[in-house]
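Participant: need the 3D shape of this:
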Amino acid sequence: MQSFVKQSSNKICYMILPEGIKGELYDGLKGLSEKHGISIVVIEDVNWNDDLTPWPAVGVFKKAKPFGGKAAAFLNKLTHEIIPETERDLGIEDAERTLLGVSLSGLFAVWTAFNTDAFSNIISLSGSLWYDGFVEWMIEQTPSPQLKKICMLLGEKEKNAKEKRMATVEERSLAAADILKAKSLAAVSFELVEGTHFSPILPRMERAMMALEV
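Facilitator: Coordinates of the predicted model:
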């Protein structure tokens with residue numbers, strides 16, 4: 001079961017959010033939905049470390065379990081089950097879809113740009129683009145021609161992470177944005193914003209929604 005806020009337009013934003021922030025965001029998401037005239041769907045029942053990673057990798061912290069690399073299976077479920085069922089329930093036809101991800105789901109969102117034609121827009125907030133081999137993988141791939149806009153936001157303090165792999169996030173996010181600008185037909189924006197890893201989150205969501213409307 002997904003949670004959603006419905007609008008009358010055919011615009012719909014699918015969000016994959018860290019478990020700890022979903023509840024506190026509900027009122028804010030309702031406001032975003034109303035202001036921008038877009039239905040918002042928060043996707044539930046996501047195995048964060050497995051479903052959102054493109055291939056297996058070791059965990060980032062001591063004793064952390066490894067990443068499972070099951071993004072392909074989750075994308076199949078998203079495009080063949082979750083999206084059709086959700087849009088049927090909401091009565092939305094000919095949807096203009098946006099996928100918004102945060103942290104590992106921001107990585108997943110960028111990965112989907114190369115693996116499906118289901119979305120018109122991609123938003124990656126504090127995307128984990130430091131992920132092992134990801135930028136190198138992007139160089140060899142072709143983004144979906146259906147994409148219209150890709151918006152990437154990163155906190156200016158995120159590069160100060162103590163974990164060495166995560167500390168490369170700014171450098172590798174800039175590289176990822178350059179690859180997308182060179183290879184994609186979409187309008188691609190990358191911006192450093194105030195704050196740390198996906199915090200504050202609502203201002204970044206608002207900024208990204210505005211970027212899609214420009």
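Participant: need the next SSE after the helix or strand encompassing residue 109, C-terminal direction.
Facilitator: In the assignment (DSSP states H and E), residue 109 maps to helix 104-112. Counting by DSSP H and E, the next helix or strand C-terminal to helix 104-112 is strand 121-125.
Participant: which other residues reach the helix holding residue 109?
Facilitator: 16-18, 46, 48-49, 51-54, 71, 74-75, 99-101, 118-119, 122-129, 131, 134, 138, 150, 152, 176, 180 (Cβ atoms under 8 Å, 6 or more residues apart in numbering). In this view, the C-beta of every residue, glycine as well, is placed from N, C-alpha and C.
Participant: buried sites along that helix?
Facilitator: Within helix 104-112, the residues that count as buried by 16 or more other Cβ atoms under 10 Å are 104-112.
Participant: what mean pLDDT does it get?
Facilitator: Here helix 104-112 scores 98 as its mean pLDDT.
Participant: pretty sure residue 153 sits in a helix.
Facilitator: No: note on residue 153: no helix contains this position according to DSSP: H, G, I helix; E, B strand; the rest coil, which reports strand.
Participant: show the contacting residues for it.
Facilitator: 123-126, 190-193, 204, 207-208 are the contacts of residue 153 under Cβ under 8 Å, 6+ apart.
Participant: mind putting these into CSV with pLDDT and distance to residue 67?
Facilitator: Converted to CSV, the contacts of residue 153 look like this (pLDDT from 0 to 100; distance: Cβ to Cβ, whole Å):
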residue, pLDDT, distance to residue 67
123, 98, 22
124, 98, 17
125, 98, 19
126, 97, 17
190, 97, 24
191, 97, 27
192, 97, 26
193, 96, 26
204, 95, 24
207, 95, 28
208, 96, 25
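Participant: re the thing from before, quick one, the helix holding residue 109 and strand 121-125 angle?
Facilitator: 150 degrees (axes from the mean of the first three to the mean of the last three Cα atoms, to 10 degrees).
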